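Trainee: The following comprises the amino acid sequence and a computationally predicted model.
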Amino acid sequence: MDYSQTVPGVRVAAKKPVSRIAGFFAANGSIGAICESSRFLAKRMAKAIEGIDQPILELGAGYGSVTAALPESTISIEREAERFTYLRHTFPKRNIIDTCAIAFLDELTQPTVVVSSIPNVNNPEFALLRDSVARAYKAGTVTTLITYTYFPRNPFAGIFPKSEVVGFELLNVPPAFVWRYSC
Ligand SMILES: C[S@@+](CC[C@H](N)C(=O)[O-])C[C@H]1O[C@@H](n2cnc3c(N)ncnc32)[C@H](O)[C@@H]1O
């Protein structure tokens, strides 16, 4: 399904090579993480959705560490311009959309699996994201959600019938808990 058709104002950026190094420290200061997820954490996130036959939506793709571990059919959302341009260049065949994930969740029209790297702490918009996930769960358009935290604190408690820690990845800076929410 082409979700880009359902979101007004989505623009298709030209493919432009960007320097991943330029602005690295400034960028990581603003993503709510010390650095990008390791490939080990990314693999754990991908494993957590194995066998689910629904469209996959990635939120907060950043510089693509989790994107790379997800199936080609995944739709990835990243609203920050430089990271979006980097993603388009690095994954030219993927469906990558530069929009706000919070609004996008309200546009879903079919049951979808969501893999989110949007920070759950130190994120002033987290309450909005949580509300949006809750609405989408109630609407039946988000059936499963995978995310990670650096502390054993359940960020989406009380929304889905089932919430569980499905992994703890030591090979990440810092080590991270992987959460799965489902019906
Ligand atoms: C911690 S980074 C995660 C990057 C990468 N996926 C990883 O796991 O390392 C979070 C990303 O979410 C993006 N982001 C935060 N809030 C967003 C929102 N409401 N809509 C779209 N992207 C968002 C940020 O721009 C940032 O690139």
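Mentor: That came in fine, so what should we check first? Numbering: from 1, shown residues only.

Trainee: next helix or strand past the lowest-mean-pLDDT helix or strand in the chain?
Mentor: Counting by mean pLDDT, DSSP states H and E, the chain has its least confident helix or strand at helix 24-30, which shows a mean of 43. Reading on from helix 24-30 to the C-terminus, the next helix or strand found by DSSP states H and E is helix 39-47.

Trainee: Name the residues of this protein found near the ligand, please.
Mentor: 31-33, 36-37, 60-62, 65-66, 77-80, 83, 100-102, 117-119, 125 (C-beta under 6 Å from any ligand atom). From N, CA and C alone the C-beta is placed, and that goes for glycine too.

Trainee: now, which of those residues lie within helices?
Mentor: 83, 101-102 (DSSP state H).

Trainee: V173: which of these is nearest?
Mentor: R83 (18.7 Å; C-beta to C-beta).

Trainee: What is the neighbour count of the closest one?
Mentor: R83 has 22 neighbours, counted by other C-beta atoms under 10 Å.

Trainee: for R44, same thing?
Mentor: Neighbours of R44 (other C-beta under 10 Å): 24.

Trainee: Now do the contacts for it.
Mentor: 166-167, 169, 178 (C-beta atoms under 8 Å, 6 or more residues apart in numbering).

Trainee: which element is A134 on?
Mentor: helix 126-139.

Trainee: Determine how far that helix lies from the middle of the whole chain.
Mentor: Relative to its chain's centre, helix 126-139 lies at 14 Å (C-alpha atoms, centre = their mean, to the nearest Å).

Trainee: And for stretch 167-174?
Mentor: 17 Å.

Trainee: hey, C-alpha coordinates of that stretch in PDB?
Mentor: Extracted C-alpha coordinates of stretch 167-174, given in PDB (Å, rounded to 0.1, in the frame of the first residue of the first chain):
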ATOM      1  CA  GLY A 167      15.000  -8.800  24.700                       C
ATOM      2  CA  PHE A 168      17.800  -6.900  26.300                       C
ATOM      3  CA  GLU A 169      20.600  -5.900  24.000                       C
ATOM      4  CA  LEU A 170      24.000  -5.400  25.700                       C
ATOM      5  CA  LEU A 171      25.700  -4.700  22.500                       C
ATOM      6  CA  ASN A 172      24.300  -1.200  22.200                       C
ATOM      7  CA  VAL A 173      25.200   2.200  23.700                       C
ATOM      8  CA  PRO A 174      23.600   2.200  26.100                       C
END
